[in-house]
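In: Below: sequence and its predicted model.
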Amino acid sequence: MSVRYGTIAHVSSRPASAQRLSDLARLRRVKDRIDREYAQPLDVEALARGVHMSAGHLSREFRQAYGESPYSYLMTRRIERAMALLRRGDLSVTEVCFEVGCSSLGTFSTRFAELVGMPPSAYRREAARATAGIPSCVAKQVTRPVRNREAPAGSRN
């Protein structure tokens, strides 16, 4: 096997497998940060800076590792939390939107409907009926949004 000078493999001081493990560890830190700080203003550039990657590289690697972009993962976390708050019933849809870190009610409502299959206001009404008497830990599992797929077209109101 001959080594060609000027290739990425030659420039790197670490073997490819060690580099891949390092990248996966950094991606896990990004995922953990999103899980922890979903309500904070987060964008791909800030997440990438936190792990010393470019935004483009982070997006590509995150999608390869987890099957969706960092932004999509963040929005899924926000929608999951919004679902719990809406089931609780003591906040308005607008209050829930801002509580989970979304700055646009329109974007929040659109993404919510894509993941859940109905607008937040309809979900709030349905969830109150559907989860009455069910422990919250069970309700959370049963009502979790489907990631990586949109809700079936026939389920929208």
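Out: In hand now; what should we look at?
In: elements contacting whichever helix or strand residue 82 is part of?
Out: Residue 82 belongs to helix 70-88 when assigned by DSSP states H and E. Under the contact criterion of 3 or more C-beta pairs under 8 Å, 6 or more residues apart in numbering; DSSP states H and E, helix 70-88 touches helix 16-37, helix 44-50, helix 55-66, helix 93-99, helix 105-116, helix 120-130, helix 136-142. C-beta coordinates here come from the backbone N, C-alpha and C atoms, glycine included.
In: Try it again at 6 Å.
Out: helix 16-37, helix 93-99, helix 105-116, helix 120-130 (3 or more C-beta pairs under 6 Å, 6 or more residues apart in numbering; DSSP states H and E).
In: Now it: buried residues?
Out: 70, 72-83, 85-87 (16 or more other C-beta atoms under 10 Å).
In: any idea how far the residue lying closest to residue 96 once chain neighbours are set aside is from residue 98?
Out: In space, and not counting its chain neighbours, residue 96 is closest to residue 85: 4.6 Å by C-beta to C-beta, 6 or more residues apart in numbering. From residue 85 over to residue 98 the distance is 11 Å, taken as C-beta to C-beta, to the nearest Å.
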